[in-house]
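K.L.:
3D, please:
(one chain, ligands or ions: 1)
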Amino acid sequence: MVEANGDENMNSHRKNKKPWGWRLNTGIGTMVIAVLLAVALASKHSPNFSLFLDHHKICRCSKDSGELSGIIEDSCCDYETVNRINVAVLNPILQQLVKTSFFRYFKVKLWCDCPFWLDDGMCMLRDCSVCECPDNEFPESFKKPPHGSISSNPLICQRGDPQDTVDRTLATKTFRGWIAVDNPWTNDDETDNDEMTYVNLQLNPERYTGYTGASARRIWDAIYLDSSPKYSSGESCQEEKVLYKLISGLHSSISIHIAADYLLDVKTNQWGENLQLMYDRVLRYPDRVKNLYFTYLFVLRALTKASDYLQQAEYDSGDHAEDLEAQSLMQQLLENPELQDACPLPFDEAKLWQGKNGPELKQQIQKQFRNISSLMDCVGCEKCRLWGKLQVFGLGAALNILFSVDDMHNQGQPLQLHRNEVIALVNLLNKLSESIRIVNEKASSVERLMNGIPIEPPKQNIKLWQELWKTVINFGYRSQM
Ligand SMILES: Cc1cc2nc3c(=O)[nH]c(=O)nc-3n(C[C@H](O)[C@H](O)[C@H](O)COP(=O)(O)OP(=O)(O)OC[C@H]3O[C@@H](n4cnc5c(N)ncnc54)[C@H](O)[C@@H]3O)c2cc1C
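P.N.:
Okay, here's the model as predicted:
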């Protein structure tokens, strides 16, 4: 196309000294120069734009867009439906739910000794550390002493040690049906002690922290070794594959959050998205994206399986209005007709553990997952450890709901969840839902990057772009005069 136009323009040039085509061609040439100048200028101001320039060199090699359509492997829903229902129903409700007083406080032991090796924390940023809640911030009712256990007078029961009282509260009927139960899939992290702290998750977003290098790599390597030692050789059974996919899906989600909220410029403390990183770590590997969808559906299935329980539970944080909202949002989520129609069975857990070695296999995989949860104590960055622990804890809750309780047939233990497990489960689903939304939204920008087409300017730079564009137009126009 460009060459044909060039020939046409050359012919007109022969007929007329100053033909319109020639003028246009010169104008275009000038504009191209101006655009290049603008590009150079913009790349100085916009890290995302320089990302395009860097990417332009490498983006031509692969045309595999890894398009995701049809049924999601090992699940009963398709990609299109999941994307639609995620944006229309799940993501908006979850986003509100995690902001409520009940769901935003997570109890966690942040300072733990790594049981496997000496910690060699590699965190570089202040963002690595967690902002803990001051004592008077987290819900009073979380600190309330048990009804009728040690004393009915909360003040006497405090004994000046609020951390102590917190755990007793959780081990009682303060929350109907929410008692301390041992989850065979995770290492019990709920024991009452001074190291437990409450963290306001809203103040500690999961994002880039600068935690990288050998320490982070060693954790992931150990996790993958535990999640499916035989996966790469292709010898693993269905259940091991599920464990591997859950971990890989979680890893994808963590990487998506790092890339979506990245420190682009340390000097100016400018945060934004790093599409190159998102592509390099997740989007260029279709399997990693598929595993993200799989993990999302797995956790969603756990939540819907526990629907009756979750709808009857008491969401008591002491803030009555917010607790009513949490209850109502939970109901909207679990009883949503659109969700039920679109994806009635996100994952069919009944297919697993069917072989004659089923019970032993379950024990073995439980042990592997418990090891993974212990590995979270080795994460050398506090904020990463917080979210790592929460999300692995949430996965453990999902595994417990789906595989250790058979409330459908009333054969196994009745379902009982710890309050912290439900908080982790809901926050995990929200993180996965966010990642799915981001992947879906960004796929086309990344596709453009791959084809060498400039990406749309980030919102914060739109003004700069408008000014640059005006300059380009004016410059091109003036040179034609
Ligand atoms: C539990 C945990 C939580 C973390 N949280 C944060 C955080 O909140 N913020 C932050 O900035 N950093 C966090 N990190 C560090 C972060 O995950 C990376 O390890 C770090 O950014 C270095 O990335 P990398 O490019 O070396 O690849 P990594 O992400 O470390 O990946 C290591 C290797 O695992 C494989 N791999 C990568 N992704 C997948 C996948 N989806 N499926 C299968 N295999 C895969 C690849 O072979 C890759 O080379 C966390 C680390 C851990 C262990």
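
K.L.:
let me know the secondary structure of the spatially closest residue to D348 that is not a sequence neighbour.
P.N.:
Spatial nearest neighbour of D348, excluding adjacent residues (Cβ to Cβ, 6 or more residues apart in numbering): C76 at 6.1 Å. Where you see a C-beta, it was placed from the backbone N, CA and C, and this is true even at glycine. When classified by DSSP: H, G, I helix; E, B strand; the rest coil, C76 comes out as coil.

K.L.:
next: the one 5 residues further on.
P.N.:
What three-state DSSP gives for T81 is helix.

K.L.:
shaky segments in this structure?
P.N.:
1-67, 112, 118-181, 188-195, 229-234, 405-413, 450, 454-481 (pLDDT under 70).

K.L.:
which helix runs longest in this protein?
P.N.:
Longest helix of the chain, by residue count under DSSP state H: helix 419-450.

K.L.:
ok so P115 is a strand residue?
P.N.:
No: assigned with three-state DSSP, P115 falls outside any strand and is coil.

K.L.:
just the strands in this protein please.
P.N.:
105-109, 196-200, 262-265, 270-272 (DSSP state E).

K.L.:
for the ligand, find the nearest of these.
P.N.:
Counting by Cβ to the nearest ligand atom, the ligand lies closest to strand 262-265 out of the strands of the chain; the figure is 8.3 Å.

K.L.:
okay, buried residues for the closest one please.
P.N.:
262-264 (16 or more other Cβ atoms under 10 Å).

K.L.:
first-to-last residue distance for stretch 370-381?
P.N.:
Start-to-end span of stretch 370-381 (Cα to Cα, to the nearest Å) is 20 Å.

K.L.:
near the ligand at all, it?
P.N.:
Yes: residues of stretch 370-381 contacting the ligand under Cβ under 6 Å from any ligand atom: V379.

K.L.:
which residue, other than its chain neighbours, is closest to D323?
P.N.:
In space, D323 comes closest to Y315 once its chain neighbours are excluded; the distance is 4.7 Å by Cβ to Cβ, 6+ apart.

K.L.:
ok, that neighbour - how many residues close by?
P.N.:
25 (other Cβ atoms under 10 Å).

K.L.:
before we move on, the earlier item: JSON lines please, covering the strands of the chain and showing distance to the ligand.
P.N.:
JSON lines is the format used below for the strands of the chain (distance: least, Cβ to the nearest ligand atom, whole Å):
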{"stretch": "strand 105-109", "distance to the ligand": "13"}
{"stretch": "strand 196-200", "distance to the ligand": "14"}
{"stretch": "strand 262-265", "distance to the ligand": "8"}
{"stretch": "strand 270-272", "distance to the ligand": "12"}
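
K.L.:
out of the ones you listed, deepest packed?
P.N.:
strand 105-109 (a mean of 22; mean count of other Cβ atoms under 10 Å).

K.L.:
which other helices and strands contact that one?
P.N.:
strand 196-200, helix 382-399, helix 419-450 (3 or more Cβ pairs under 8 Å, 6 or more residues apart in numbering; DSSP states H and E).

K.L.:
kindly recompute the last result at 6 Å.
P.N.:
Contacts defined by 3 or more Cβ pairs under 6 Å, 6 or more residues apart in numbering; DSSP states H and E place strand 105-109 against strand 196-200.

K.L.:
tell me the helices and strands packed up against the strand it packs on.
P.N.:
Under the contact criterion of 3+ Cβ pairs under 6 Å, 6+ apart, strand 196-200 touches strand 105-109.

K.L.:
got the residues of this protein near the ligand?
P.N.:
206, 208-209, 211-212, 216-217, 219-220, 248, 251-252, 254-255, 258, 281, 288, 379, 383-384, 387-388.

K.L.:
now these: which count as buried?
P.N.:
Of the residues of the chain next to the ligand, these count as buried by 16+ other Cβ under 10 Å: 206, 208-209, 211, 216, 219, 248, 251-252, 254-255, 258, 281, 288, 379, 383-384, 387-388.

K.L.:
quick revisit: flag every buried residue along the longest helix of the chain.
P.N.:
Using 16+ other Cβ under 10 Å as the test for burial, helix 419-450 gives 419-440, 442-443, 445-450.

K.L.:
same check, this time on stretch 394-408
P.N.:
Of the residues in stretch 394-408, those buried (16+ other Cβ under 10 Å) are 394-403, 405.

K.L.:
which of those lies closest to the ligand?
P.N.:
Closest to the ligand, out of all of the buried residues of stretch 394-408 and judged by Cβ to the nearest ligand atom, is L395, at 11.5 Å.

K.L.:
pull up the distance across stretch 350-363, start to finish.
P.N.:
17 Å.

K.L.:
the residue nearest to D348 is in contact with F347, isn't it?
P.N.:
No: if you go by Cβ atoms under 6 Å, C76 and F347 don't touch, sitting 7.1 Å apart.

K.L.:
of these two, who's got more company?
P.N.:
F347 (27 against 14).

K.L.:
please report how far that one lies from I436.
P.N.:
15 Å (Cβ to Cβ, to the nearest Å).

K.L.:
repeat for E322
P.N.:
As judged by Cβ to Cβ, E322 and I436 stand 26 Å apart.
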